[in-house]
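Chemist: Have a look at this prediction, sequence included:
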Amino acid sequence: MELKSFGGKFQNGLGEPVEIEDVFVYPMLKSSELAKSGSLTVRHMLVTQQFVGEDTARIEIDAPATWRYLQAHGHYMDKRTSTIYRNRPRFSVFGVGPYAFAPWKVAISGFYKRLEFSVIGPVDGKPVVLDDTCYFLPFVSKDEAETVKTVLHSQPAMRFLRSRVFWDSKRPITAGLLRSLNLAALAAQLDTSLPPSYEEEMFK
């Protein structure tokens with residue numbers, strides 16, 4: 001499902017050339033790459049669903065080469081034992097929803113040993129997807145994302161998060177830590193307005 005792009009052509013983790021439509025292929029960043037988000041990523045992810053439980057059979061109609069690729073490599077995905085895939089359509093993925101495809105994101109790596117948030121924008125007109133070691137907030141515009149990043153990097157926010165983070169942990173940055181920060185209250189303290197549609201958002 002993770003592909004690399006070389007000269008406009010895809011290659012999977014098995015070293016095989018992959019010739020599929022780009023309908024379900026999105027640019028991807030891993031957590032270790034967030035700090036370098038200003039440069040174009042060579043990673044891509046084949047994302048089979050827009051929301052959890054969506055029927056994946058439509059891929060056969062919308063992108064037949066992609067469907068053939070999935071069928072040929074389906075035995076790898078069939079070996080997954082997690083209960084989240086039980087009774088789900090074949091080739092299901094997790095961590096999908098409207099938030100995953102938001103054009104702009106404010107993201108942080110769970111493995112960072114520092115509190116540094118990055119603004120991630122579209123690449124070649126497509127939203128960037130992140131791996132499951134990242135946490136992020138979704139936004140529809142760059143201005144919204146930059147505003148919230150400024151709030152998150154403010155001194156009160158940094159003091160709050162540093163007082164609660166356990167740097168010796170394997171994953172010091174957690175969803176629980178990030179969600180404990182009341183962005184609306186913090187923005188009010190800083191006399192800053194949050195994007196109204198995102199005041200109730202939590203880190204994904």
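Modeler: Received it, and whenever you're ready, just let me know what you need. Residues are numbered from 1 along each chain as shown.

Chemist: So, low pLDDT: which residues of the chain?
Modeler: Scanning the chain for pLDDT under 70 picks out the ranges 35-40, 197-201.

Chemist: quick one, what contacts the residue positioned nearest the centre of the chain?
Modeler: The residue lying closest to the centre of the chain (CA atoms, centre = their mean) is Leu130, at 2.7 Å. Neighbouring residues of Leu130 by CB atoms under 8 Å, 6 or more residues apart in numbering: 28-31, 34, 105, 107, 120, 136. From N, CA and C alone the C-beta is placed, and that goes for glycine too.

Chemist: can you count the residues close to Phe136?
Modeler: Neighbours of Phe136 under the rule other CB atoms under 10 Å: 25.

Chemist: is it true that it touches Val106?
Modeler: Yes - counting by CB atoms under 8 Å, Phe136 touches Val106, with 6.2 Å between them.

Chemist: Common neighbours of the two, please.
Modeler: In contact with both Phe136 and Val106: Ile120, using CB under 8 Å, 6+ apart.

Chemist: dump the residue contacts of the nearest residue to Phe6 once chain neighbours are set aside.
Modeler: Closest residue to Phe6 apart from its sequence neighbours, by CB to CB, 6 or more residues apart in numbering: Val42 at 7.5 Å. Residues counted as contacts of Val42 (CB under 8 Å, 6+ apart) are 4-6.

Chemist: Can you flag which of those belong to strands?
Modeler: Using DSSP state E, the members of the contacts of Val42 that fall within strands are 4-6.

Chemist: Remind me what the longest helix seen in the chain packs against, helices and strands.
Modeler: In the chain, taking DSSP state H as the definition, the longest helix is helix 64-78. When contacts are defined as 3 or more CB pairs under 8 Å, 6 or more residues apart in numbering; DSSP states H and E, helix 64-78 packs onto strand 43-46, helix 59-62.

Chemist: How about that helix, which residues are buried there?
Modeler: 66-67, 69-70, 73 (16 or more other CB atoms under 10 Å).

Chemist: Then stretch 121-140?
Modeler: 123, 127-131, 134-139.

Chemist: Same question for stretch 51-66.
Modeler: 56, 59, 63, 66.

Chemist: ok, the closest residue to Ile173 other than its chain neighbours - contacts?
Modeler: Nearest non-adjacent residue to Ile173, counting by CB to CB, 6+ apart: Gly110, 4.7 Å away. Applying CB under 8 Å, 6+ apart, we find Gly110 in contact with 31, 133-135, 171-174.
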